[in-house]
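**Student:** The amino acid sequence is not available; the structure is as follows:
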């Protein structure tokens, strides 16, 4: 006979008792939530959060009650008390007896993939104690191995071909209650390797929908890395500042969220690059090399050669570095900093102040009718130095004169030039410039930049003529040019300095 058979049997019996005590706790706390008068405020809270009794029943939500040891008292036997204490449902009191860990909290049962409850999560809603309190890890519960809701949503995830990953219980329940049922939650922590592998059983694609605060961004970055490590296709949906999935879906509805996920969720590598660029300046070859080296570990996580090659090409286009250099960095042993410094970086023309001003005026003309009319009246397009932007501006005026409005899609279609169409599309995707009282100020500032640029160019032309006149020793011409230059400088100082 196996020497361990007795031990294994004892261990299995103990595990069964832990599952049983959780079933008892869920039943107790659920009845308390749904039937007790002391739970009225909690039921009202759920209603305000858009969660009805059907959702509370389906997810077996509970309330910890106002008593100090209500659950501990119903257990009675020492065996049950020991099981409840070992799994963190109750704690020993300082003097004697036990107290309930989840008292005065909204309770979320946490199940394994088979639907067996093995832990609880508790949310404080009455202003006492930490916001969230979860079961400690136990012989049946390891936090990093479980995804909240997966036992209920795995079929939907498989059918939809993707999982929406959120951080918290309320985020999941809000999405689920409005029909987005291919969703799981990470129990408030960063995604782990084991959780990612668990998800991979049901789908190869996930959309990370985390909070927009610093902690949410950090969790998303970690989740992206973990997802890529196990071979999942990860996308990141960035919510507007101050929003979380729960608040967003309650404010805007399921259709808006789904539409945003479809149109705006960024592939993992793009999201990583975006976040890296927010903290780095690309003002020197060393800066660019440093960014490439930062991206290399993530590129190495892409196992498929074709996918990696296409990703390198996209990265090359985005940061203006020859893709062969990025491949060199992937292979290691090549001095990327030296290569970039000696001219292997793609040609990158930094926009001048004047070009930025011209682009801004065009964007304002597309989005603000008052500015469009002012642009026509002031004939500002006449001082544009960029011929492409000038053509776009003239086309805007032409369409507005005929239709009385500007529709971006019509503007794009009317431009018989791929480069111009691309430029307008990029402007449209950037979104509207701040309008209202400040839009006129922005326009005036841009117009002044262009007017000053004209004077600078006039000054440069005079300087060139001066050099020529000095070589010829044409003193009359020199005096005339010096006088003109002085007039231009005086006008610049008066109007713009």
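**Tutor:** Great, that's in hand. These figures come from a predicted structure and were not determined experimentally. Residues are numbered from 1 along each chain as shown.
**Student:** Once you drop chain neighbours, what's closest to residue 241?
**Tutor:** Spatial nearest neighbour of residue 241, chain neighbours left out: residue 212 (5.3 Å); criterion: CB to CB, 6 or more residues apart in numbering. C-beta coordinates here come from the backbone N, C-alpha and C atoms, glycine included.
**Student:** and the one you found, how many neighbours?
**Tutor:** When neighbours are counted by other CB atoms under 10 Å, residue 212 registers 16.
**Student:** before we move on, what about residue 298?
**Tutor:** Neighbours of residue 298 (other CB under 10 Å): 19.
**Student:** Am I right that it is in contact with residue 275?
**Tutor:** No - using CB atoms under 8 Å, residue 298 is not in contact with residue 275; the gap is 11.1 Å.
**Student:** sec struct for the nearest residue to residue 169 once chain neighbours are set aside, please.
**Tutor:** With sequence-adjacent residues excluded and distances taken as CB to CB, 6+ apart, residue 169 is closest to residue 108, at 4.5 Å. Three-state call for residue 108 (DSSP: H, G, I helix; E, B strand; the rest coil): strand.
**Student:** show me the contacts for residue 108.
**Tutor:** Residue 108 makes contact with 59, 61, 120-123, 148, 169, according to CB atoms under 8 Å, 6 or more residues apart in numbering.
**Student:** at 10 Å what do you get?
**Tutor:** 26, 59-62, 102, 119-123, 132, 134, 148-149, 168-170, 172-173, 185, 187 (CB atoms under 10 Å, 6 or more residues apart in numbering).
**Student:** same check, this time on residue 138
**Tutor:** Contacts of residue 138 by CB under 10 Å, 6+ apart are 15, 18, 22, 83, 86-89, 118-119.
**Student:** Buried ones among the residues you listed?
**Tutor:** 18, 22, 83, 86-89, 118-119 (16 or more other CB atoms under 10 Å).
**Student:** Spatially, which two of these are the most separated?
**Tutor:** Using CB to CB, the pair of the buried ones among the contacts of residue 138 lying farthest apart is 83 and 119, separated by 13.4 Å.
**Student:** Pull up the overlap in contacts between residue 298 and residue 275.
**Tutor:** residue 224.
**Student:** The helix or strand of the chain with the lowest mean pLDDT: what's the following helix or strand?
**Tutor:** Ranking every helix and strand in the chain by mean pLDDT, DSSP states H and E puts helix 336-339 at the bottom, with a mean of 48. Following helix 336-339 in sequence order, the next helix or strand is helix 353-367 (DSSP states H and E).
**Student:** rewinding a little: what helix or strand is the residue nearest to residue 241 located in?
**Tutor:** Here residue 212 is assigned to no helix or strand, by DSSP H and E.
**Student:** My guess is it contacts residue 219. True?
**Tutor:** No - Residue 212 is beyond contact range of residue 219, at 11.3 Å (criterion: CB atoms under 10 Å).
**Student:** Flag the shaky bits of the chain, pLDDT-wise.
**Tutor:** Along the chain, segments meeting pLDDT under 70 span 1-11, 188, 332-350, 428-437, 497.
**Student:** Mind naming the longest helix for it?
**Tutor:** helix 437-472 (DSSP state H).
**Student:** which ones are touching the residue nearest to residue 241?
**Tutor:** So residue 212 contacts 220, 238-244, 248 (CB under 10 Å, 6+ apart).
**Student:** Might you specify the subset of those located within helices?
**Tutor:** Reading helices off the contacts of residue 212 with DSSP H, I get 220, 248.
**Student:** start to end distance for stretch 262-269?
**Tutor:** From the first residue to the last, stretch 262-269 extends over 17 Å; the measure is CA to CA, to the nearest Å.
**Student:** So which residues make contact with it?
**Tutor:** Counting by CB under 10 Å, 6+ apart, 162, 164, 206-209, 220-221, 223-225, 227-228, 232-239, 271-274, 295, 298-299, 301-302, 307-308, 311-312, 314-315, 318 sit against stretch 262-269.
**Student:** cutoff 7 Å now
**Tutor:** Here stretch 262-269 makes contact (CB atoms under 7 Å, 6 or more residues apart in numbering) with 207, 224, 227-228, 234-237, 274, 298, 311.
**Student:** Out of those residues, which end up buried?
**Tutor:** For the contacts of stretch 262-269, buried by 16+ other CB under 10 Å: 207, 224, 227-228, 234-237, 298, 311.
**Student:** quick one: residue 329 and residue 317, what's the gap?
**Tutor:** Distance, residue 329 to residue 317, by CB to CB, to the nearest Å: 16 Å.
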